[in-house]
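K.L.:
dropping a prediction and its sequence here:
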Amino acid sequence: MKKLISIIFIIAVFAAGIFLYLRNADVDVNYERFNMVAPGILRTPVERFNNIVDYPFKENYLIIGNTRIHYLDEGPKDGEIIYLLHGEPAWSYLFRKMIPILTRAGYRVIAPDMVGFGKSDKYVSIKDYSHQMHVDKMTQLIVELDLNNVTAHVHDWGGLVGLRVIAEEPERFSRVIASNTSLIAPGRGFFREIMSFISYPLFKLSIWFQGPATWEEFIGGDGFTGWIRYSRYTDNIDVGGIMQTLGNVNNAEREGYEAPYPNATYKAGAQIFPYLIPSELRKNEKAYREVFEKWNKPFLIANSDNDPVTRNNPRMVEMLKRIPSAQEISIQGPGHFIQEEAGPEYAQLIIDFINGNPQSFKIDKKAIEK
């Protein structure tokens, strides 16, 4: 009997050893079975994008670090370059109404998807996302594609990332147009210098203290923290709902924005992005002092008058006016996502800006509503 028990024990130990080995032997795991291309990194199945409307553009990819980055490269290869960077929770789909206008005018359009968005790879854990990671990945894309004489258009969270990218490689950019965005920094002065050290910890404490915001609180309020509290604490951020509310998209277009996310597991990047906004105030301040306060190339602030973000946070606009060459115009009618509500007109504004004559325009609100 003791011999039998000993044999069973040895077999059990041996079986447990095999189980633990197979469990931890990552090289033998077929990650593609789970749409996982590496531990902790997801890739949206290509069929998710097969039937989205008005997005006939060719895929292009770069491997940057441990992620595959998707970008659009449309128009003549020798054309002057226009760089379009999306914000939250959009992706290069945001620019589908603008790209044909720009390419027909002879421009080459580069529009990447940041990590966690669109057709780019997505980290599963929110801990893998940082503001600096986004800046590094987008800067490396610019460098690897060797883009020069670039007109940069940055929008929303794309401004917080994109302006830092420009500060990393300023000689590659000829002009900048920023819409409904900013580069948040404390400014000069002893007190503001002290605040730059403690602002993010205080911000996180404030968000924790206030706790989650419901969808209704986010949509019904005008506070910036409501947006952050909703996105940070929700277990399944409503990407399509955000785009319908702030971008006035129809149901088919909503599906285009939801295409990158088969389920909530893919949404960590969209969920955490707003929470990262004040995480690098000192680096943003350094970008102002070392690059943007010396910027003598064209810089256009083109905000829409119905944008709840810049309208309720006027200091965001004032921060960009630290740039000596900054010029400001107001676009009448559209809300936050100008590219959705006035895509062709906005593309023409970019062309006019390149030609040195940017003009404000107005869109009838009734024409925007779908």
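P.N.:
Received the coordinates, thanks.

K.L.:
next, the residue nearest in space to the middle of the chain: phi, psi?
P.N.:
Nearest to the geometric centre of the chain sits Gly87, at 3.6 Å (C-alpha atoms, centre = their mean). Main-chain dihedrals, Gly87, degrees, to the nearest 10: phi -120, psi -140.

K.L.:
distance check, it against Gly159.
P.N.:
7 Å (C-beta to C-beta, to the nearest Å). No exception for glycine: its C-beta is placed from N, CA and C like everyone else's.

K.L.:
shared neighbours, those two?
P.N.:
Residues touching both Gly87 and Gly159 by C-beta atoms under 8 Å, 6 or more residues apart in numbering: Thr181.

K.L.:
which residues are in contact with the closest residue to Glu80 other than its chain neighbours?
P.N.:
Nearest residue to Glu80, sequence neighbours excluded (C-beta to C-beta, 6 or more residues apart in numbering): Tyr107, at 5.6 Å. With contacts defined as C-beta under 8 Å, 6+ apart, Tyr107 is in contact with 75-76, 79-82, 351, 354.

K.L.:
ok, which stretches of the stretch 101-250 of the chain are strands?
P.N.:
108-112, 122-123, 150-155, 173-179 (DSSP state E, counting those that start in this stretch).

K.L.:
what pairs with the third one, parallel or antiparallel?
P.N.:
This means strand 150-155. strand 81-85 (parallel), strand 173-179 (parallel) (DSSP bridges).

K.L.:
could you tell me the angle between the first one and strand 108-112?
P.N.:
If I follow you right, that is strand 81-85. 20 degrees (axes from the mean of the first three to the mean of the last three C-alpha atoms, to 10 degrees).

K.L.:
what bits of the stretch 201-350 of the chain have low per-residue confidence?
P.N.:
220-223 (pLDDT under 70).

K.L.:
next one: the stretch 1-150 of the chain
P.N.:
For the stretch 1-150 of the chain, the ranges with pLDDT under 70 are 1-34.

K.L.:
count of residues packed around the residue lying closest to Tyr55 once chain neighbours are set aside?
P.N.:
The shortest distance from Tyr55 to any non-neighbouring residue, by C-beta to C-beta, 6+ apart, is to Arg96 (5.2 Å). Residue crowding around Arg96 was assessed by other C-beta atoms under 10 Å; the count is 21.

K.L.:
what sits against Arg96?
P.N.:
By C-beta under 8 Å, 6+ apart, the neighbours of Arg96 are 54-55, 57, 343.

K.L.:
what about the helices in the stretch 251-370 of the chain?
P.N.:
251-258, 268-272, 281-290, 308-311, 314-320, 338-341, 343-354, 365-368 (DSSP state H, counting those that start in this stretch).
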